[in-house]
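In: Show me how the following folds:
(2 chains)
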Amino acid sequence: MFRVGIDTGGTFTDFVLYKDGEIHIRKIPSSPKNPADAVLKGLKIWENVSGERQVIHGSTVATNTLLERKGAKTALITTKGFEDILEIGRQNRAQLYNLFVDKVVPLVQKRYRFGVEERTIGTGEILKQADPASFADIIQNIQQEGIESIAICLLFSYANPKNECIIYKSFAKTGISVSVSHRILPEYREYERCSTTVVNAYISPIMERYISHLEANIGSGDLCIMQSNGGFISAKKAKEKPIRTVLSGPAAGVVGAFEVAKAAGYDKIVTLDMGGTSTDVSLCYENLMITTESSIDCIPINIPMINIHTVGAGGGSIAFVDEGGSLRVGPRSAGADPGPVCYGRGVDLTVTDANLYLGRLLPDYFLGGDMVLDSIRVEKLMGEFGSHLNLSPHRTAEGIIDVVNAAMERAIRVVSIEKGYDTREFALVSFGGGGGLHACELAKSLSIPQVLIPKNPGLLSAFGMLICDVVKDYSQSVLIRDEGIQFEEIEEMFAPLIDQGVEEMSAEHIPLERLSIERSLDMRYVGQSYEIFIPFKEDYIDRFNKLHKKAYGYSDVERPCEIVNLRVRIVGNLSKPKLKEERLKGENSASASLGQRIITYKGESIPFELFIRKKLSAGNRVEGPAIILEYSSTVLVPPGFSCNVDRFGNLVMKRD
Amino acid sequence: MFDPIKLEIFKNIFSSIAEEMGMALCRSAYSPNIKERRDYSCALFDAKGQMVAQAAHLPIHMGSMPYSVKSAIKAIRMDKGDTIILNDPFKGGTHLPDLTMISPVYIGRTLRFYVANRAHHADIGGMSPGSLPLSREIFQEGVRIPPLKLARKGSIQKDLLELILANVRTPEEREGDLMAQFAANRLGERRLMEVACKYSYDEVISYMKALQDYAGRMTEKAIEDIPDGIYSFEDFLDNDGLSDTPVRIHVTVHIKGRRAKIDFSKSSPQIKGCMNATLAITLSAVYYVFRCLSPLDTPSNEGCMQPLEVIAPLGTVVNAQFPAAVAGGNIEVSQRIVDVLLGSLSRAVSHRIPAASSGSMNNITIGGWNSKESKMFTYYETIAGGSGASCDRDGVDAVHTHMTNTMNTPIEALENAYPLRVLRYEIRKGSGGKGLQKGGCGIRRDIQLLTDCEVTVLSDRRKFPPYGLQGGSPGKVGENILISKKETRDLGGKFTVLAKKGDVISIRTPGGGGFGKRSKDNEYARKI
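Out: Numbers count the residues shown, from 1 in each chain, chains lettered A, B, ... in the order given. Below you'll find the predicted structure:
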């Protein structure tokens, strides 16, 4: 038995294979027109590896379908009188000070939103039962219009799904794909539930085709799909709830980073994935952190996802001077085309150009020397740009770095300090191409004591897919007050969710003894609107009060609290690859050194020692100021930092 | 001389502190107004009370927050750990339900900064539930709180708190909201102290000043882009809530180089009903409009206001004096002030100004006895309308515009919390103004009462519709209809009514104005 993790990215599709204690890696160019081509092509390379194969794939198909609005022609069936909820949304606008108001265009146009006479209320009582005779003409209409997918979302269906079930039965007969809100997200707040259900319907037929195509061509073995909650599910389940696969690539990156960090001895980490146009940060505190309030492109999607915060600042972010005279960086990016100035065609200076100008990127070693960077072009433009600011070119380049660092620092603050976490307990784990040049400085300004850069930082998402578990999340809104309710009564309410989960796991041949079941509650004080996520243990009320204080600065044990949602996460623990450990050698790293180079750092010219990462061995030590080079990334060890190579081949940097 | 790099970094720091305060307040508050609708603002100030950063929450608070802080500074000496509370519209407030808290930030023994937040509470007493009544004088609108110390040396003054809570309809909720506000200020205080610790105090101060200058330059640049000239416009509020007499808002904008003088002298004298604005409201509306004409990411601070001179004579509807009723000032009058300002500027830069948006926040308050919980309840909501069309695009349906951006209460939250049932929530078809570009449509929200209730609606644009521009038609006026067993009645724009269990109140909000005439020889038709 062996496993393959496959991560489809914008430029490359990454493959990681684990067999008999060995990890093998491959990168091949992506095939954006049909991402499956690259996946199948890559798998061919390992065709002759013997044994049963399991493939775990993180696809961008769901996300891109949504971003590019290339989903199915979708209809929405809802309670009569509420057909416009999807369009009204929360009635607010995105930009406060913009006279030209913009609001998201709904995924289902008005003419395909149909109301049905029916009504359920908050207690679950049905005031009016749905009558199939009353919506026969809607079915006809839908068939004539060539609708490809149907979403059903009725008011209060989380409290009683009966009417949704009646409607589902009738519409399922058409053979058209149907997504029902009480199955996708049985939680209260009609707009968010409706939006989530509609997204599922909108991407369903496309994901169905994509996954079926892979299944048909992949040959023997299991195909599994990565989810945004940090686990994977079978291809069959992914076709039913494709919404769970949105943003799965970044989620797998966090899973990979956390696994590597835990092995290295850090279970409280902040991840930093600096890409070309944006940077993703996420915090793990002994566990992956899950949110249920995400959105893509202003469309709410309230399924459990790894909590990732994104800022529009990356290596390709463009620097400019605004009308008030301030130096700004991003969110506009030079992208891959024309790319930064140093790639030869771009005319707008980027963060990458500033790093090159300061000597932190070495023109001859970029992508292992496969791509030569144009320093002369950068020097000329940096001089011109600096003269607008009345600054030397050096100060300008350092300024671009300072400003982009400030944006990333702010992103990390949002997930850590602003949530009540003390950064001094954490390690910063940087992966992806660009982070290595910025990580130590960020750690310093946020008082994070150590920085970890994993081995093969560019393949961490694919690696994450390889090591994650089968994970299924279930939830149910209950909205009950904690007045005299017994712990055992709540336990009983969890039972149906757990039964459902265990059954679905066994349908995927995962034995009971491998399951771990986590129960949690979304709680708040009666009268509030936002919930805090609390593990369900006997002291859950105490925990709630403590966490409320931590998050918002006050708590009140006298106030009654309320359980809004029950959540169950079932994890099917599978055997995982073990990270290979190396024997520690001595600290002496001289054999990996390439000599010295003068680099301007904070206005001073200082000699930095250059190292080749591949030549560094476990146990080696590098004293800053130094630069460590590898194929797809460069790591800056600033003065005052030192770097140790640990037994897994990670670089661990600390302040002296 | 400032460093363009540090300027950007400090801009980030200050605005993220204000944002963080807002997030904490919103997520731990109790009033639907705060937690669901986000009717609150948080801001930082320097030692003189000049605003340094305000999170992008609500425009209506932008000009009025600095006013509160300055009033508080003038009224009381603040020691370390103190927090001032106020809502008096004539001493830095807006209308009574908006409670403002101001805390000094001491670095060592010296007062260096202030942090403040303001939140719209669901009730602050007075003659009707929700405290947005059809009043004749301020005393009917609720508890009036001049700047007072709610906390001394870090601890809440129970006697003052009890006095406030004794005068409101939903005291438990009020107390929770006040705690959330208090905690938000403590958070802001802590963050500012961290910043002052990391950088030198002098540096922090100099960049606070530099950021104000920076915002000033951005605003000056925006004014410079408007041709010099004198531009006038007038529009009306339907009435004052007591009589049928329209209320005139008139403005003359003088643009000269990088300065703008905004003169409201020809507006109506202050009126008997509650549709009066205090000066703080008028200033907020003016700043909002110029802020919209500046680049999108201009920081909101005192500097934005420097190039603007506002003339609003005391005793007029745009600068009412004690003891005028002002409940409708920031929720309705402010929208009309924006309408006349935009109308006047459309005469200078027609392609940059949209037609009038719905022009009313359509405030509805329902109060009564919740027998399930054996206590009073107050439900307050504003309902969006259509936005105005502009030269290159249609208006948007069902969206809040200009001075407000509050969210709706989810139906599944509303029905769980109150004895009310929503029967219909939809876009009001055909309410947008016609034109080359169409105005956005308003909303229809029908709510059935499951118990006897007192219903108050403060809305406008029920008589005078939102104007179209360049030949576009006006949006449709709004309607407020009571449907009971016996009859269906149009209740007009502003009313309080005792309604029976089973009655339905149907609010239909105005659409936005259209832009451009549908004809071939139209200037705008040619451009597109």
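In: pLDDT of the helix or strand containing B:I17, averaged?
Out: Assigned by DSSP states H and E, B:I17 belongs to helix B:4-28. In this model, helix B:4-28 has a mean pLDDT of 89.
In: now that helix, how far from the centre of its chain.
Out: 21 Å (C-alpha atoms, centre = their mean, to the nearest Å).
In: That helix vs chain A: in contact?
Out: Yes - counting by C-beta under 8 Å from any C-beta of the partner chain, chain A is contacted by helix B:4-28 at B:4-5, B:7-9, B:11-13, B:16, B:20, B:23-24, B:26-28. Yep, even glycine has a C-beta here, placed from its N, CA and C like the rest.
In: who does the helix or strand bottoming out on mean pLDDT in chain A touch, helix- and strand-wise?
Out: Lowest by mean pLDDT, DSSP states H and E among the helices and strands of chain A is strand A:22-29, with a mean of 85. Taking 3 or more C-beta pairs under 8 Å, 6 or more residues apart in numbering or on different chains; DSSP states H and E as contact, the helices and strands that strand A:22-29 lies on are strand A:12-19, helix A:35-45.
In: Who are the packing partners of the helix of greatest length in chain B?
Out: Criterion DSSP state H: the longest helix present in chain B is helix B:171-198. In terms of contacts (3+ C-beta pairs under 8 Å, 6+ apart), helix B:171-198 is packed against helix B:4-28, strand B:40-46, strand B:83-86, strand B:98-107, strand B:110-120, strand B:148-152, helix B:158-166.
In: hang on, the earlier thing: following the helix holding B:I17, which helix or strand comes up?
Out: That would be, after helix B:4-28 and using DSSP H and E, helix B:32-35.
In: returning to what we had before: what's the angle between the longest helix of chain B and strand B:148-152?
Out: Between the axes of helix B:171-198 and strand B:148-152, defined by axes from the mean of the first three to the mean of the last three C-alpha atoms, to 10 degrees, the angle is 70 degrees.
In: Buried residues, the helix or strand containing A:D353. List them.
Out: Assigned by DSSP H and E, A:D353 belongs to helix A:351-357. By neighbour count on 16 or more other C-beta atoms under 10 Å in any protein chain shown, the buried set for helix A:351-357 is A:V351, A:T352, A:D353, A:A354, A:N355, A:L356, A:Y357.
In: And the residues you listed, which two are furthest apart?
Out: Maximum pairwise distance in the buried residues of helix A:351-357, criterion C-beta to C-beta, is 10.6 Å, between A:V351 and A:Y357.
In: Need the residues touching each of the two.
Out: Taking C-beta atoms under 8 Å, 6 or more residues apart in numbering or on different chains as the contact rule, A:V351 and A:Y357 touch no residue in common.
In: List the buried residues of the helix ranked longest in chain A.
Out: As assigned by DSSP H, the longest helix anywhere in chain A is helix A:190-217. Using 16+ other C-beta under 10 Å as the test for burial, helix A:190-217 gives A:190-208, A:210-211, A:214.
In: quick revisit: ok, of the residues of helix B:4-28 next to chain A, which come out buried?
Out: Looks like the residues of helix B:4-28 next to chain A have B:4-5, B:7-9, B:11-13, B:16, B:20, B:23-24, B:26-28 buried, using 16+ other C-beta under 10 Å.
In: closest to B:P66 among those?
Out: After measuring these against B:P66 - C-beta to C-beta - the closest member comes out as B:K11, at 18.1 Å.
In: Can you name the residues that contact the closest one?
Out: A:S326, B:A53, B:L211, B:Y214, B:P299.
In: ok, which pair from the residues you listed is furthest apart?
Out: Every pair of the contacts of B:K11 checked by C-beta to C-beta; the farthest is A:S326 and B:A53, at 14.0 Å.
In: Break the chain into its domains for me.
Out: Here I'm looking at chain A. A:6-51, A:67-203, A:317-403, A:470-572 (automatic domain parsing).
In: I was after chain B.
Out: According to automatic domain parsing, the domains of chain B span B:4-212, B:354-528.
In: Can you lay out those as CSV showing distance to B:A285?
Out: Below are these laid out as CSV (distance: least, C-beta to C-beta, whole Å):
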stretch, distance to B:A285
domain B:4-212, 8
domain B:354-528, 6
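In: For A:I88, find the nearest of these.
Out: Nearest of the domains of chain B (C-beta to C-beta): domain B:354-528, 4.4 Å.
In: Mind checking if that closest one is in reach of chain A?
Out: Yes - applying C-beta under 8 Å from any C-beta, one finds domain B:354-528 touching chain A at B:354, B:357, B:383-384, B:387, B:390, B:393, B:395-401, B:405-408, B:410-413, B:415-416, B:421, B:423-427, B:440, B:443, B:446.
In: Buried ones among these?
Out: By 16+ other C-beta under 10 Å, those give B:354, B:357, B:383-384, B:387, B:390, B:395-401, B:405-408, B:410-413, B:415-416, B:421, B:424-427, B:440, B:443, B:446 as buried.
In: in its sheet, what does the helix or strand that contains B:I447 sit against?
Out: Assigned by DSSP H and E, B:I447 belongs to strand B:443-449. Here strand B:443-449 has these sheet partners by DSSP bridges: strand B:420-427 (antiparallel), strand B:504-508 (antiparallel).
In: Now the helix or strand that comes right after it - C-alpha only, CSV.
Out: Past strand B:443-449, further along toward the C-terminus, the next helix or strand under DSSP H and E is strand B:453-458. Extracted in CSV, the C-alpha atoms of strand B:453-458 (Å, rounded to 0.1, in the frame of the first residue of the first chain):
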residue,chain,number,x,y,z
CYS,B,453,-47.3,46.0,20.1
GLU,B,454,-46.4,49.7,19.8
VAL,B,455,-44.9,50.3,16.3
THR,B,456,-43.0,53.5,15.5
VAL,B,457,-41.7,54.2,12.0
LEU,B,458,-39.4,57.1,11.2
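In: okay, the angle between strand B:453-458 and strand B:504-508?
Out: Going by the same axes, to 10 degrees, strand B:453-458 makes 10 degrees with strand B:504-508.
In: the bottom helix or strand of chain B by mean pLDDT?
Out: helix B:523-527 (a mean of 46).
In: And A:V470, how close does it get to chain B?
Out: 32 Å (C-beta to the nearest C-beta, to the nearest Å).
In: my read: that residue touches A:V571, true?
Out: Yes - A:V470 is within contact range of A:V571, at 7.0 Å (criterion: C-beta atoms under 8 Å).
In: any shared contact partners between these two?
Out: A:G231.
In: buried set for stretch A:362-382?
Out: A:L362, A:P363, A:Y365, A:F366, A:L373, A:D374, A:S375, A:R377, A:V378, A:E379, A:L381, A:M382.
In: Go ahead and produce CSV holding the CA coordinates of it.
Out: The C-alpha coordinates for stretch A:362-382 follow below in CSV (Å, rounded to 0.1, in the frame of the first residue of the first chain):
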residue,chain,number,x,y,z
LEU,A,362,20.9,36.2,-5.9
PRO,A,363,20.4,36.7,-9.6
ASP,A,364,22.5,33.7,-10.5
TYR,A,365,20.8,31.2,-8.2
PHE,A,366,17.2,32.0,-8.8
LEU,A,367,15.3,28.7,-9.3
GLY,A,368,18.6,27.0,-9.1
GLY,A,369,20.0,29.2,-11.8
ASP,A,370,17.3,28.2,-14.3
MET,A,371,16.2,31.8,-14.6
VAL,A,372,18.5,34.7,-14.8
LEU,A,373,17.3,37.9,-13.2
ASP,A,374,18.0,41.3,-14.6
SER,A,375,19.6,43.4,-11.8
ILE,A,376,20.6,46.3,-14.1
ARG,A,377,17.0,47.0,-15.0
VAL,A,378,16.0,47.0,-11.3
GLU,A,379,18.8,49.3,-10.3
LYS,A,380,17.8,51.9,-12.9
LEU,A,381,14.1,51.8,-12.0
MET,A,382,14.8,51.8,-8.2
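In: Noted, bye for now.
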